[in-house]
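**Student:** sharing a model prediction with you, sequence too.
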Amino acid sequence: MSQKKFDALKWYKKHSDNKKLNKRNTKSLSGFLLIWSALEYGYFNNRIPLSKEGLLELGRIANNLIIPNDYLRFIHHFHHRYFIKIEDEEILFNTLNLEHKHEEFVRSTIRNCFPPENFIPSLFLIANRFRNNFIHGRKEPIKLHLYEKQFNILNKFLTKFIDETFLNGEINKNRLNNRN
């Protein structure tokens, strides 16, 4: 007897009022979770667990091995989202819920699209917030369809970063040593 494949989206819709959530707009989210998992596996371990400081360090190390300006298109996307598109720019930017000690760093980098050495670290902090906001419920699953574009952009950023750096031994040489 073959079992019917479980449909989580169908199950979820029975427990919510959201009719806009569909397979297409959850695809970017599921992709994000897979890509984030690859990032964690490739660059973090028990000795160096994933943390905001670890992401900042990874971004700074990567700046010496990649061309940060190649990531300007992702910065431009968030610049437009947070500082061009709306009248009161602080409202939407504040929904990221960045820690106070990182807030001005990211705000300044995204608002000014400068300096290039802050691009990767800032994008990592934004991606981390989207991850945490989703996993810890701040993105309210009933509104996930509103974040499809953001997860798509973050997927492109993360895959570009991983593709350009994962096989480069320099990035992890002094960070991970032995995978635990």
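**Tutor:** Received, thanks. None of these values were measured; they are calculated from a predicted model.
**Student:** from residue 18, how far out is residue 135?
**Tutor:** Residue 135 sits 18 Å away from residue 18, going by Cβ to Cβ, to the nearest Å. The way it works is simple: take the backbone N, C-alpha and C, and place the C-beta from them, glycine included.
**Student:** repeat for residue 3
**Tutor:** 27 Å.
**Student:** quick one: the helices in this protein, in order.
**Tutor:** Using DSSP state H, the helices of the chain run over 8-14, 23-43, 52-63, 72-79, 89-94, 100-112, 119-135, 148-165, 169-173.
**Student:** which helix or strand in this structure has the lowest average pLDDT?
**Tutor:** helix 169-173 (a mean of 77; mean pLDDT, DSSP states H and E).
**Student:** helices or strands up against that one?
**Tutor:** Where contact means 3 or more Cβ pairs under 8 Å, 6 or more residues apart in numbering; DSSP states H and E, helix 169-173 is packed against helix 23-43, helix 52-63.
**Student:** of all the ones you listed, which one is nearest residue 163?
**Tutor:** Nearest of the helices and strands packed on helix 169-173 to residue 163, taken as Cβ to Cβ: helix 23-43 at 10.5 Å.
**Student:** show me what counts as buried in the closest one.
**Tutor:** 25-26, 28-29, 31-32, 35-36, 39, 42-43 (16 or more other Cβ atoms under 10 Å).
**Student:** just to check, residue 144 is in contact with residue 28?
**Tutor:** No: with contact defined as Cβ atoms under 8 Å, residue 144 does not reach residue 28; the gap is 9.3 Å.
**Student:** circling back to that earlier point, so between residue 135 and residue 18, which is more surrounded?
**Tutor:** residue 18 (15 against 11; other Cβ atoms under 10 Å).
**Student:** confidence score at that one?
**Tutor:** Residue 18 carries a pLDDT value of 74.
**Student:** residue 176 too?
**Tutor:** Residue 176 is given a pLDDT of 71.
**Student:** again with residue 166
**Tutor:** 87.
**Student:** could I have the least confident helix or strand of the chain exported to PDB, CA atoms only?
**Tutor:** In PDB, the C-alpha atoms belonging to helix 169-173 read as follows (Å, rounded to 0.1, in the frame of the first residue of the first chain):
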ATOM      1  CA  GLY A 169      40.700  26.900   1.600                       C
ATOM      2  CA  GLU A 170      41.900  30.300   2.800                       C
ATOM      3  CA  ILE A 171      38.500  31.300   4.100                       C
ATOM      4  CA  ASN A 172      38.300  28.400   6.600                       C
ATOM      5  CA  LYS A 173      42.000  27.500   7.100                       C
END
